[in-house]
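[1] here is my input, please return the structure:
(one chain, ligands or ions: 1)
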Amino acid sequence: MHVEVDVPQCVASGQCVLIAPEVFDQREEDGMVVLLDDSPPPEHHVAVRESALVCPAAAIRVSEP
Ligand code: SF4
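    Numbers count the residues shown, from 1 in each chain. From the prediction side, this is the model:
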């Protein structure tokens, strides 16, 4: 799994951080998403897919081989 985030598109809602805190964080100053791991291990894949689905800005892109 490969993960990308579109930071300018992020609206700092924080859902991804609640769902997958091992993969996503938020900047202290403005709440914008920070990608912690662009190749997360399998145990986080379900949470990452869920984050991409619920992100209100569609700012998370997941590609899987
Ligand atoms: S769920 Fe989407 S809009 Fe919300 S912080 Fe994460 S990337 Fe940004």
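
[2] so after the helix of greatest length in the chain, what's the next helix or strand?
    When the chain is parsed with DSSP state H, its longest helix is helix 45-54. Downstream of helix 45-54, the next assigned helix or strand under DSSP states H and E is strand 60-63.

[3] list the buried residues in the longest helix of the chain.
    For helix 45-54, a neighbour-count test (16 or more other Cβ atoms under 10 Å) marks H45, A47, V48, R49, S51, A52 as buried. Glycine gets a C-beta too; all of them are placed from N, C-alpha and C.

[4] can you tell me which residues contact the fifth one?
    Under the criterion of Cβ atoms under 8 Å, 6 or more residues apart in numbering, the contact partners of S51 comprise Q15, C16, I19, A20, V23, F24, I60.

[5] could you find the closest non-adjacent residue to it?
    Of all residues not flanking S51 in the chain, C16 sits nearest, at 3.9 Å (Cβ to Cβ, 6 or more residues apart in numbering).

[6] is the strand or helix carrying that neighbour anywhere near the ligand?
    Assigned by DSSP H and E, C16 belongs to helix 15-19. Yes - contact of helix 15-19 with the ligand (Cβ under 6 Å from any ligand atom) involves Q15, C16.

[7] tell me how far the residue lying closest to V62 once chain neighbours are set aside lies from D37.
    Spatial nearest neighbour of V62, chain neighbours left out: A52 (4.9 Å); criterion: Cβ to Cβ, 6+ apart. Applying Cβ to Cβ, to the nearest Å, the value for A52 to D37 is 14 Å.
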